[in-house]
Every structure is written in structure tokens, then in C-alpha cells.
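Asker: task: produce atomic coordinates for the following.
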Amino acid sequence: MRAARLASTVVTAAVLLGAVTACGSKGGDAKSGDAASAGDPKAALAASALVMQKAGNGKVTMVSPDGSTHTAGSGDADWKDPNRTAVDLTGEVETKKIRFRVIGTDGYLGGGDTEAAAMGGKHWIKLPASNELGDGVLLMSQLLNPVAQLGLAAQSGKPAKVGQESLDGVQVTHLRVVEEASAMVAGMPALTADQRTAVQKSLEQDGRTLTIDLWLNGRQELVQYQEYGDKNGEHDAVTVKYADLGKAAKIDAPAATDLGSETDLLKLLG
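Answerer: Below is the predicted model:
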């Protein structure tokens, strides 16, 4: 399971297994804007990474390849600590509202009171770390960390400017990076060697080459991100949108007393 499909499939994967990312509003300084307008993609990406790092958190929305947000999710992300990206998203699986929370390398699925009633009053389940779901958590934390994505793109050998575009009524600069999956994964400092191997294996299910598209506004904020492999192409990309920088809610791990067992996943998902 590759990163770009994770948001819309991680919950479904749980069923199949059976056990189962506030001063961003002020933006960058004049030098950052000059770098982008001068057509220097590396400088623009690096400047945006600084802007997003300074913001520290924000609201995120993930749109699935079919253009619907129902199977993806929206919520809060916090990336102040590069080794502990925190994400709290709510998505929809059929008629159920399912929450997906990441705290560093730990992932959780949760539901409301109706789902908790079927799990002995527990609202959350911690996902196992040693299988496909565990790998998916690592991919999710990397995918939704804009500083990590911008940093990797800036370090790439050949970032390019696609052009100026209008996105949601705002003028943005569209940049693109095409890179080998192995090279991108090698630049992920938050992962151990074993974790890099697992992430690379997942990414390469859709091809050895990744295309990463990033859209920066005039304040050098990353407002949209896409990633897809060469096997299935752009139609398979999940879109990540960033907004309200610096305004995300605090994200904590669920209380230990509110955690069900792995065998409760099917109950959670009905």
C-alpha cells in the first residue's frame, strides 16, 4: 500500500487483514517571495519548508483519487517535532465516521459512542506496528508532514517549476519533483533503517519512480501536495490540502483506559 492511497484505504486494509500533519498566516519574508518569482525551484522549496516549520501545525484535508473526501479525511496535523508528526483525521467508511490518529510511529483507529458500545465502551484501538497497517502509519506521518516533503523535494536533483496557476481562487506556483523512491526514502531522517525498507517496499508497489507536485502561495506556504508512482500515474494520486496554519488543535494519544484490543477492529468497522 503506497502513501498516496493510504488515507482512503488504511481502514479498509484493517478489515482485509481481519485483525485487525501560528504564524503561517504571515507567510515568508521578501527574500522567500523573490526566490519563487526568480524561478529558482530549490530556493522556493527550501523557503517554504522554513515557513511551514515556523507555522508548526495546521488543518489538513485529504481528497481521494475519485475526487471525494468521504473515504479520505480532514482534521488537524502537528509537525513541530520532525520525529513525532501528529495527525488527527476524521473520514467516512460507508456510513460510519471513523477517526485515524497518528502520534509519531503509533497509529490508532477510533469511533463514536455507537461504535464504542460494541467494544465494551472503548473508543480507540491501537494499530499493530509489525504489519501492513504499521507500515501505513509510517507512510501517513511522512505524507502529512509538509516540512519533510518540502525538504525532500528541495534536496532532489531536479525540482522544476510547472508554472503559475489558480488554485481555489488563489494564485500559486506549481512545482514538481520526479525522483526514485529509494532516494526519497533515504532522505527521511525520522525513520530507522528497517522502517525505511518497509516504507520503500510500500511505495514501490506503484512504481520505482515518484512524482511529487507541490503548490505554494505568495507567502511561500504549501497549500497543496500530491504524490504518485509511475505504475498507475496521476489518476491514482491522493491530494493533501493545507490551511489555517498555526491553528490546529492539540493532538494527544488516546488514554490507555480507552483502548480496545486488536480483535475489536471488526466491531469498530461493523
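
Asker: for the helix or strand harbouring S48, give the mean pLDDT please.
Answerer: Assessed by DSSP states H and E, S48 sits inside helix 41-55. For helix 41-55, mean pLDDT is 94.

Asker: quick check: beta-bridge partners of the residue lying closest to I251 once chain neighbours are set aside?
Answerer: In space, and not counting its chain neighbours, I251 is closest to A86: 4.0 Å by C-beta to C-beta, 6 or more residues apart in numbering. To be clear about C-beta, it is placed using only N, CA and C from the backbone, and glycine gets the same treatment. Beta-bridge partners recorded for A86 (DSSP bridges): D78, I103.

Asker: how deep is A86 tucked in, by neighbour count?
Answerer: A86: 25 surrounding residues under other C-beta atoms under 10 Å.

Asker: that one contacts G104, doesn't it?
Answerer: Yes: assessed by C-beta atoms under 8 Å, A86 is found in contact with G104 at 7.4 Å.

Asker: re earlier: OK, contacts around the residue nearest to I251?
Answerer: Each residue near A86 by C-beta atoms under 8 Å, 6 or more residues apart in numbering is listed here: A77, D78, W79, R101, V102, I103, G104, I251.

Asker: now do V177 against M184, distance only.
Answerer: Remark: distance between V177 and M184 (C-beta to C-beta, to the nearest Å) = 9 Å.

Asker: what residues do the two have in common as contacts?
Answerer: L152, S156, I212.

Asker: tell me the SS of the last one?
Answerer: State at I212, reduced to three classes by DSSP: H, G, I helix; E, B strand; the rest coil: strand.

Asker: can you check the first one too?
Answerer: Here L152 takes the helix state, with states given by three-state DSSP.

Asker: circling back to that earlier point, nearest to Y225, of the shared contacts of V177 and M184?
Answerer: I212 (7.4 Å; C-beta to C-beta).

Asker: ok, longest strand in the protein?
Answerer: Secondary structure of the chain per DSSP state E: the longest strand is strand 170-180.

Asker: check contacts around the most centrally placed residue in the chain.
Answerer: In the chain, the centroid-proximal residue (C-alpha atoms, centre = their mean) is L144; its distance is 2.3 Å. Applying C-beta under 8 Å, 6+ apart, we find L144 in contact with T21, V60, M62, A77, W79, T85, V87, V102, V240.

Asker: about what we covered before: just the buried positions in the longest strand of the chain, please.
Answerer: V172, T173, H174, L175, R176, V177, E179, E180 (16 or more other C-beta atoms under 10 Å).

Asker: how many residues are close by G246?
Answerer: Quick note: G246 (other C-beta under 10 Å) scores 15 neighbours.

Asker: what sits closest to Q224 if chain neighbours are left out?
Answerer: Nearest to Q224 is W215, by C-beta to C-beta, 6+ apart, at 4.1 Å.

Asker: sheet partners, orientation included, of the helix or strand containing the one you found?
Answerer: W215 belongs to strand 209-216 when elements are defined using DSSP H and E. Neighbouring strands of strand 209-216 in its sheet, by DSSP bridges, are strand 170-180 (antiparallel), strand 222-229 (antiparallel).

Asker: what packs against the following helix or strand past the last one?
Answerer: The reference is to strand 222-229. Counting by DSSP H and E, the next helix or strand C-terminal to strand 222-229 is strand 238-243. Using 3 or more C-beta pairs under 8 Å, 6 or more residues apart in numbering; DSSP states H and E as the contact test, the elements touching strand 238-243 are helix 3-17, strand 57-63, strand 222-229.

Asker: keeping just the C-alphas, turn the shortest one into CSV.
Answerer: The C-alpha trace of strand 57-63 is given here as CSV (Å, rounded to 0.1, in the frame of the first residue of the first chain):
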residue,chain,number,x,y,z
ASN,A,57,0.7,22.9,12.5
GLY,A,58,-2.4,23.4,10.6
LYS,A,59,-5.6,22.0,9.2
VAL,A,60,-5.4,19.2,6.5
THR,A,61,-7.8,17.7,4.1
MET,A,62,-7.1,14.6,2.1
VAL,A,63,-9.0,14.0,-1.1
